[in-house]
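[1] take this sequence and fold it.
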Amino acid sequence: MNDINKNFAVNEEIREKEVRLISATGEMLGVKQTKEALKLAEEAELDLVMISPNAVPPVCKIMDLGKFIYEQSKKEKEARKKQKVISVKEIRVSPTIEEHDIGIKANNARKFLVDGDKVKITVRFRGREADYSYIGHRILENFISKLEEVSVVEKPAKLEGRNMILILAPKKA
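    Predicted structure coming up:
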């Protein structure tokens, strides 16, 4: 909330000699001396807020600063509510995984995808298993076939060190 307040110079903080003034109703009052603008704001029992410091002369508006800050924070909160956070869920398998276990892991991945999360499937090779990377490809192709109605391949299977990684994203409706 305070970060909004720091962006604007208010009342006596305004050091400019002249400002372009906007009334509380949004009416343009023209270029005024800062002292005169402060006096007008005081008479209206409101604050003089510099809303555009880079303009020549700077633009100031007569408004209720507390109400303005409150409305800005409400807008920010509303914007945060509408954001969808997409997380990446990881499923790890080994090259020796059995068909039934792939089915169980695929069902878990399906739940993640339906919830809107991305799924990273990692086949971990240990020791000499890395020499048989085609097995990892076969496992990942099996995953893709089981999840093709709810997902799209975002990043195809690729060997990175001792891990083979595949990233699936949820299908757009």
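[2] can you give me the buried ones in the longest strand along the chain?
    The single longest strand within the chain, with elements called by DSSP state E, is strand 151-160. Residues of strand 151-160 classed as buried by neighbour count (16 or more other CB atoms under 10 Å): 151, 157. Every C-beta, even on glycine, is put in place using the N, C-alpha and C of the backbone.
[3] quick check: next helix or strand after that strand?
    Using DSSP states H and E, the helix or strand that follows strand 151-160 in sequence is strand 163-170.
[4] so what does the closest residue to residue 129 other than its chain neighbours look like in phi/psi?
    Nearest residue to residue 129, sequence neighbours excluded (CB to CB, 6 or more residues apart in numbering): residue 95, at 5.0 Å. Backbone torsions of residue 95, given as degrees, to the nearest 10, read phi -70, psi -20.
[5] and what of residue 24?
    Main-chain torsions, residue 24, degrees, to the nearest 10: phi -70, psi -30.
[6] excluding chain neighbours, what is closest to it?
    Per CB to CB, 6+ apart, closest to residue 24 is residue 62, 4.7 Å.
[7] give me the beta-bridge partners of the one you found?
    Beta bridges link residue 62 to residue 48, judged by DSSP bridges.
[8] can you say which helix or strand has residue 133 in it?
    Going by DSSP H and E, residue 133 is in helix 133-147.
[9] got any ranges where this protein has weak pLDDT?
    1-6, 173 (pLDDT under 70).
[10] go with 80
    Confidence mapping of the chain against pLDDT under 80 gives the ranges 1-9, 83-85, 172-173.
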